[in-house]
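A.B. asks: just to be clear, the model below is a prediction. Sequence and coordinates:
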Amino acid sequence: MAERIAEGIHRIPLPLPFWASDVNLYLLKADRGYALIDCGSNTEEAFSVLTRELEAIGADLQDIAEILVTHCHHDHYGMVGRLKGLSGARVAMHAVESTRAMSLYCDSGLGGPGLRELLLEHGLPEPFALKAEEGMLGWRSLVCPTVVENRLDDGDWLQIGSRRYEVLVTPGHSAGHLCLYEPQEQMLIAGDHVAAESVPHVGVTTFTGSNPLRQYRDSLARVSDLEVNLVLPGHGRPFTDLRQRIEVLDAHYAARTERVAETLGHGRATACEVASEAFGGDFSTFQGRLTFTETVAHLELLASEGKIKRSRDGLVTVFDGGEA
């Protein structure tokens, strides 16, 4: 059910097809019509809930004048083309996210190195890597992509109704992830950057840069410097204790990086070998593959800091903890 957050701001949770959780959309009253932050997955259930909740608020799809997408994962980007087609809204997101969305979700094929090749490079066995890429291709049924007219960048300002929002680029969870900060009321629309009840996944994937954990922890530090009274996350309840939550998230990932470093020790291993020993899990499952890509991110962070070395053994990347 839609929740009124403040004057002219509503949170609309939409159901997700694979998880027992929702994704939050935010409807912001503008001078003419509304701006919608994020779109949900492109399912009939989500579309039905959205139209019903808009009606309860006193709006409809034709009132949406602008759609802003925090990042291109299917649960935030999925209905964008469908909603644009029905409303005529302009779509805004970061250029990196727009480009990756079109290459990942369109029929022309996966862009850049495919997920399968990326996972194989770090030692994941072929059956698991193939299953991961098949899963990503399956996400295309949850996405209706579209051309983005307004490509946002760090430091841009958006006037939406009586409020003015600063665009913050916060890479990590994805390469061009955006947050919106309203300094007068000190509100942060956070996407998947921070949440009160879950830890955002940060791993090396086709959605991220090569060192996403370094980017994520730097982005956390940047957002921590803001004066924030209320955080509106992409999943879960709005919350107020941003700095405390950032401390928890940063400590979580720092501890897991240390665990990866201790597991590698002075030995030489692939990311798959390290992930299996450090965290266990079943790489045939979605959660197991998330753990694997997160382990790659920890190793890349350690390598970037000069604490371990990266090399190639044929087609596979190997990490070396050095001499005892």
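C.D. replies: Structure received.

A.B. asks: Glu197 - nearest residue in space that isn't next to it in sequence?
C.D. replies: Of all residues beyond its chain neighbours, the one nearest Glu197 is Gly236 (4.1 Å), with distances taken as C-beta to C-beta, 6 or more residues apart in numbering. Yep, even glycine has a C-beta here, placed from its N, CA and C like the rest.

A.B. asks: so which bits of the longest helix along the chain are buried?
C.D. replies: Assignment by DSSP state H gives helix 242-264 as the longest helix of the chain. Neighbour-count burial for helix 242-264 flags 242, 245-246, 249, 253, 256-257, 259-261, 263-264 (criterion: 16 or more other C-beta atoms under 10 Å).

A.B. asks: what does it contact?
C.D. replies: Around helix 242-264, the neighbours that count as contacts under C-beta atoms under 8 Å, 6 or more residues apart in numbering are 188, 194, 196, 199-200, 202, 213, 216-217, 220-221, 223-224, 226, 228, 231, 239, 274, 277-279, 294-295, 298-299, 301-302, 307-308, 319, 321.

A.B. asks: now the helices for the stretch 101-250 of the chain?
C.D. replies: Assigned by DSSP state H, counting those that start in this stretch, the helices in the stretch 101-250 of the chain fall at 115-121, 126-138, 212-224, 242-264.

A.B. asks: mind putting those helices into JSON lines with mean pLDDT and distance to Leu180?
C.D. replies: Listed next are these as JSON lines, based on pLDDT from 0 to 100; distance: least, C-beta to C-beta, whole Å:
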{"stretch": "helix 115-121", "mean pLDDT": "92", "distance to Leu180": "29"}
{"stretch": "helix 126-138", "mean pLDDT": "88", "distance to Leu180": "27"}
{"stretch": "helix 212-224", "mean pLDDT": "98", "distance to Leu180": "11"}
{"stretch": "helix 242-264", "mean pLDDT": "98", "distance to Leu180": "14"}
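
A.B. asks: closest to Met102 out of those helices?
C.D. replies: Nearest of those to Met102, taken as C-beta to C-beta: helix 126-138 at 14.6 Å.

A.B. asks: output the contacting helices and strands for the closest one.
C.D. replies: Under the contact criterion of 3 or more C-beta pairs under 8 Å, 6 or more residues apart in numbering; DSSP states H and E, helix 126-138 touches helix 115-121, helix 286-304.

A.B. asks: name the next helix or strand downstream of the longest helix of the chain, please.
C.D. replies: Going down the chain from helix 242-264, the next helix or strand is strand 268-269, by DSSP states H and E.

A.B. asks: partner strands of that following strand and their direction?
C.D. replies: For strand 268-269, the paired strands and their directions (DSSP bridges) are strand 316-320 (antiparallel).

A.B. asks: tilt between the strand it pairs with and helix 242-264?
C.D. replies: 90 degrees (axes from the mean of the first three to the mean of the last three C-alpha atoms, to 10 degrees).

A.B. asks: list the buried ones in strand 316-320?
C.D. replies: Buried residues in strand 316-320, counting neighbours by 16+ other C-beta under 10 Å, are found at 317-319.

A.B. asks: could you do stretch 270-290 as well?
C.D. replies: 270-276, 278-279, 281, 283, 288-290.

A.B. asks: got CSV for these, with pLDDT, distance to Tyr165 and secondary structure too?
C.D. replies: Listed next are those as CSV, based on pLDDT from 0 to 100; distance: C-beta to C-beta, whole Å; DSSP: H, G, I helix; E, B strand; the rest coil:
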residue, pLDDT, distance to Tyr165, secondary structure
Thr270, 97, 43, coil
Ala271, 97, 38, helix
Cys272, 96, 42, helix
Glu273, 97, 45, helix
Val274, 97, 41, helix
Ala275, 97, 38, helix
Ser276, 96, 43, helix
Ala278, 97, 40, helix
Phe279, 96, 38, helix
Gly281, 82, 39, coil
Phe283, 93, 40, coil
Gly288, 94, 38, helix
Arg289, 93, 35, helix
Leu290, 94, 31, helix
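
A.B. asks: I appreciate the help and will end here.
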